[in-house]
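>>> how does the following fold in three dimensions:
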Amino acid sequence: MANDFTFSITTTRFDEDYSPSDSSRITTNFANLARGEHRQQNLRNALAMIDHRFNDLAHRDNPNRDRYTVELEIVSVALQFTTQGADQGFPLLEILDVQIVDRHTGERRHGIVGNNFSSYIRDYDFSVLLPAAGEGAAGFTVPADFGELHGRLFQHFLDSAAYRERFPLPPVICISVSTSKTYRRTEYRHPVLGVEYEQEDYSLTDAYFGRMGMQVRYFMPVGSAAPLAFYFRGDLIGDYTDLQLIGTISTMETFQKIYRPEIYNAHSPAASIYRPSLEQQDYSRTQIDYDRVERNQLAKKQGKYTEEHFMKPHGRALEQWAADYLAPVR
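Residues are numbered from 1 along each chain as shown. Sure thing, here's the model as predicted:
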């Protein structure tokens, strides 16, 4: 089965002129910003916020806080089936790639790929498979193999020639902490990532990323209102430069201020014992339009799309492949 599909990568510049392609998940957070009457101003404001935050964190030899600019590309990954029949290609996932431009020297540095993470199959898992598993049961149940197929496809992609020929380092995916968990501040402080938080019980999202071969650590950078969850392979501290980490922080903290202002644009920073809440009232909204309700509704529609065009025609064969899959030893 492994020889029956390959991965293909396309990239799209994410700037103020960006428009989502027909194949892009419209629930993708950055695609949501690029819709509606104020789409260009939304994008312009978001990119300015990213640059401002980057220069705020990268303040060494940067007295005017204007030395760096961040350029983003959307990396779209498709799974291409080589067998005959319908539905031969399917959009597997989308992530963001970061380039860091030094305006003083003209030097360009590759940041970290990953950042935002978007997946049709994850929509299916959380919006179709998980609710169906709980129907008629006494309480909430999670299937034992929940996220297994998605996780193994993701690991197979990272170990593929398509990924390794384009990206020299493993990805780092950065998202919001869970509103269902409590986080406790530790004594450890990193010069860029900030103060580390820990929790005793992983969330369902943490476990899902675990299926993807990724560990998680939680850090609140200096000047942030709440910790971010960083999912990674290898060594988050040792594998990346300070500027690369700043690129991820500035990008994803900006998006979280837009998507979850109750947490990331709160007026008071997280305490030593912290439980995130979307019911928080002491926060400011950004001047950027974002429809959180519509996004949740579209996730369900796209989960159904995945069921029809991916799981029904290919699911049985892929699940057999996943059962036999052995990730390479790293």
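
>>> helix, strand or coil for P276?
coil (DSSP: H, G, I helix; E, B strand; the rest coil).

>>> shouldn't it be in contact with I175?
No. The criterion here is C-beta atoms under 8 Å, and P276 misses it with I175 at 11.8 Å. For glycine as for every other residue, the C-beta is placed from the backbone atoms N, C-alpha and C.

>>> doesn't Q80 fall inside a strand?
Yes. Assessed by three-state DSSP, Q80 belongs to a strand.

>>> give the contact list for it.
F5, T6, F7, S8, Q88, G89 (C-beta atoms under 8 Å, 6 or more residues apart in numbering).

>>> try 7 Å
F5, T6, S8, Q88, G89 (C-beta atoms under 7 Å, 6 or more residues apart in numbering).

>>> of all the residues in the host helix or strand of the third one, which ones are buried?
This points to S8. Following DSSP states H and E, one finds S8 within strand 5-14. For strand 5-14, burial by neighbour count (16 or more other C-beta atoms under 10 Å) applies to F5, F7, T12, F14.

>>> so where do the strands sit in the stretch 101-250 of the chain?
Per DSSP state E, counting those that start in this stretch, the stretch 101-250 of the chain has strands spanning 108-110, 114-119, 172-176, 183-190, 194-198, 215-220, 228-232. These are given in chain order.

>>> what's stretch 241-256 in contact with?
29, 46, 49-50, 53-54, 57-58, 70, 72, 96, 98, 100, 109, 111-112, 115-116, 172, 174, 176, 191-193, 221, 224, 228, 264.

>>> from those residues, list just the buried residues.
29, 46, 49-50, 53-54, 57-58, 70, 72, 96, 98, 100, 111-112, 115-116, 172, 174, 176, 192-193, 221, 224, 228, 264.

>>> so where is the stretch 101-250 of the chain shaky, pLDDT-wise?
134-140 (pLDDT under 70).

>>> so where do the helices sit in the stretch 101-250 of the chain?
Remark: helices assigned in the stretch 101-250 of the chain by DSSP state H, counting those that start in this stretch are 120-124, 130-134, 148-158, 161-164, 204-211, 242-259.

>>> JSON lines for the ones you listed, including mean neighbour count and distance to K304?
Shown next, in JSON lines, are these (neighbours: other C-beta atoms under 10 Å; distance: least, C-beta to C-beta, whole Å):
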{"stretch": "helix 120-124", "mean neighbour count": "23", "distance to K304": "8"}
{"stretch": "helix 130-134", "mean neighbour count": "14", "distance to K304": "11"}
{"stretch": "helix 148-158", "mean neighbour count": "21", "distance to K304": "16"}
{"stretch": "helix 161-164", "mean neighbour count": "13", "distance to K304": "28"}
{"stretch": "helix 204-211", "mean neighbour count": "18", "distance to K304": "19"}
{"stretch": "helix 242-259", "mean neighbour count": "24", "distance to K304": "23"}
